[in-house]
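Participant: From the sequence below, what's the structure:
(chains A, B, C and D)
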Protein chains: 2
Amino acid sequence: MSVLERSHLKIIQEVAREGSLTAAGLRLNLTQPALSHAIRKIESQLGVKIWRREGRSLALTQSGEWLLSLANRLLPQFELAENRLEQFANGERGTLRIGMECHPCYQWLLKVVSPYLERWPKVDVDVRQKFQFGGIGALFSNEIDILVTPDPLYKPGLKFTPVFDYELVLVVGAQHPLKDEKFVVPEQLSGETLITYPVPSERLDIYTQFLQPAGIAPRQQKQIETTDIMLVMVAHGRGVAALPRWLAEEYASRFELYPLKLGKKGIAKQIFLGRRETDEEIRYLVDFIEFAASLDSEI
Amino acid sequence: MSVLERSHLKIIQEVAREGSLTAAGLRLNLTQPALSHAIRKIESQLGVKIWRREGRSLALTQSGEWLLSLANRLLPQFELAENRLEQFANGERGTLRIGMECHPCYQWLLKVVSPYLERWPKVDVDVRQKFQFGGIGALFSNEIDILVTPDPLYKPGLKFTPVFDYELVLVVGAQHPLKDEKFVVPEQLSGETLITYPVPSERLDIYTQFLQPAGIAPRQQKQIETTDIMLVMVAHGRGVAALPRWLAEEYASRFELYPLKLGKKGIAKQIFLGRRETDEEIRYLVDFIEFAASLDSEI
DNA sequence: TACAATCATGAAAATATATCATTATTATTC
DNA sequence: GAATAATAATGATATATTTTCATGATTGTA
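Facilitator: Next comes the predicted model:
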């Protein structure tokens, strides 16, 4: 059976350090008889002598020397562990697992994460994008801690906070006939090639909020994974794409792009951050959301 | 303060392994409430949640995952330690520190040690030759465990056992005029160069038991550290030396040497092994002495 | 030889741990 | 959807362990 405990190793270490039970007891906040009894007990349980009385103090036996080296090896690891856990407890340390449900959110997230990592040097951030049961499911199953989504779902146990407003615009290239329009109407896209991220159209606002209500479909749809390639295609007149205005502006320095309002009023969107209500006390987690919201104006 | 104990790590490991308190309790010979209470207690002491109820079983939190990896790292070391200590307890494992007080004993010891290491595969042997307060002092101060000496000193707390009988002989080279004598008398050495190990003459039997009683001194004395060189010198007629007969015979194949009785009756010697009486129960130690004694006839 | 400093010991007190009996929660099944 | 089975949580009690206190034993020192 298991007899050797951390406390025993501590006693061995401290007695070896001080050379006497009385002195070691002082450091351990224990009396000399407490140590004497403790030693006697583990010696009899382990079946080995750990100390031998040498005059009026104690000297380690061979087994004792061996145990001391064990103690010196293991005790620091216990102490490190407790320090770490204290940081976990204080919410200073942890891993923030962020789940993403919208492609362009990724560009936004990148801008938030790096200053956040400065604020929380002991917090690691992990970004995930695929979820078996959707982003909400991933939140509930503790697969992620924060969900970045444009579609909040107000369910009990979850809390969503809007952190960023943006406008969804249509982006066209320099040779495109619509490039100087103030806005586009659905009918103007019926002959176009629409480039989108590879997600079902019911999750694309350009469909749900613009084309479908008008009963229009684009001539062709192409799915492309990355924003960069998507915009290269747009810039060369291979199609048009719907993206956040700020994102289009960001790429404007690299490609000649023209952002057009979708409809007369444009399509306003928000990014929300969702979390479990039970995570209320996790400081670095709640702070991520507050911090992200405070950055809104700057992006 | 220190709260994390080995037993806690064991609980964490076992619950993680089994996924439920009930099952883990079975393996740990504890009831489910015992584990429930234990967990609650360390969670409150550490200030972190380790598990979260997931349906009707438990899932580790981030802190819990971290603790589990700690447990997987540290627990095997505790187990290894207890196995080791059991071997120490059974006297299967240890280090036998052998002290030597006589030069030629070294040759004898070599013959004993190698079969002994076969008998006790987990015992290490360490041979030491210099002692600040003499061999006996080294035994008493636990600097060594066994003393190899031709001069036992019967003191309380020590036990000496004769393990080997031999005859001290004078060794001369092939050109030496005495080489065919049956024995030598002290006077025959008065013109000789006597080669000895570098120790005070009061610790050399050739002086104490042969030359001094007759009031004779050799013409010259040379001190040489190693037996090999000593015998090279003797073989080339540069002097004579006093050595155990068996040692002279061993070297006879390499050098042409002639062993002569010292006095009509010769000088009979014994090697003794001394140990502390308190080491009675150390099996491998007591066995070393018995084993050495049993080899007497073979050497 | 007395004295001071240490460890050892045994009984009692204090604390910690484990159990029992029960309740609460949550999947599963009919 | 209600009954059931499997699980964890809880609180009171019992048990075990650890610690202390008071004292005795040992040993080195003045």
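
Participant: Please determine how far the residue nearest to A:Thr227 when sequence neighbours are not counted is located from B:Leu257.
Facilitator: Distances taken as Cβ to Cβ, 6 or more residues apart in numbering or on different chains put A:Gln107 closest to A:Thr227, at 6.5 Å, once the chain neighbours are dropped. Glycine gets a C-beta too; all of them are placed from N, C-alpha and C. Using Cβ to Cβ, to the nearest Å, A:Gln107 is found at 94 Å from B:Leu257.

Participant: Next: A:Ile50.
Facilitator: With the distance defined as Cβ to Cβ, A:Ile50 ends up 52 Å from B:Leu257.

Participant: I'd say A:Arg27 and A:Glu18 touch.
Facilitator: Yes - using Cβ atoms under 8 Å, A:Arg27 makes contact with A:Glu18 at a distance of 6.6 Å.

Participant: neighbour count winner among those two?
Facilitator: Of the pair A:Arg27 and A:Glu18, A:Glu18 is the one with more neighbours under other Cβ atoms under 10 Å in any protein chain shown, namely 17 against 12.

Participant: Going by residue numbers, what spans are strands in the stretch 151-299 of chain A?
Facilitator: Under the criterion DSSP state E, counting those that start in this stretch, the stretch 151-299 of chain A carries strands at the ranges A:158-173, A:183-184, A:193-196, A:220-223, A:240-244, A:257-262, A:267-276.

Participant: Tell me which of those strands is the most buried.
Facilitator: Most buried of those, by mean neighbour count (mean count of other Cβ atoms under 10 Å in any protein chain shown): strand A:240-244, with a mean of 26.

Participant: Strand partners (parallel or antiparallel) of that strand?
Facilitator: If you go by DSSP bridges, strand A:240-244 pairs up with strand A:158-173 (antiparallel), strand A:193-196 (parallel).

Participant: which ones are touching the residue of the stretch 151-299 of chain A found nearest DNA strand D?
Facilitator: Here the residue of the stretch 151-299 of chain A nearest DNA strand D is A:Thr278; by Cβ to the nearest atom of the strand that distance is 13.9 Å. Neighbour list for A:Thr278: A:Gly157 [criterion: Cβ atoms under 8 Å, 6 or more residues apart in numbering or on different chains].

Participant: Which pLDDT does the model give A:Leu96?
Facilitator: On pLDDT, A:Leu96 comes in at 89.

Participant: Residues in a beta bridge with it, which ones?
Facilitator: A:Val125.

Participant: To B:Asp124, which of the strands paired with strand A:240-244 lies closest?
Facilitator: Comparison of the strands paired with strand A:240-244 against B:Asp124 by Cβ to Cβ identifies strand A:158-173 as nearest, at 63.4 Å.

Participant: Surely A:Thr227 is in contact with A:Ala242?
Facilitator: No - contact criterion Cβ under 8 Å: A:Thr227 and A:Ala242 do not qualify, at 11.9 Å.

Participant: can you tell me which residues contact A:Glu82?
Facilitator: Per Cβ under 8 Å, 6+ apart, neighbours of A:Glu82: B:2-4, B:46.

Participant: Of the residues you listed, just say which sits nearest to DNA strand D.
Facilitator: B:Ser2 (10.4 Å).

Participant: now for the strands of the stretch 151-299 of chain A, which one comes closest to B:Arg84?
Facilitator: The closest of these to B:Arg84 is strand A:267-276. By Cβ to Cβ, the value is 46.6 Å.
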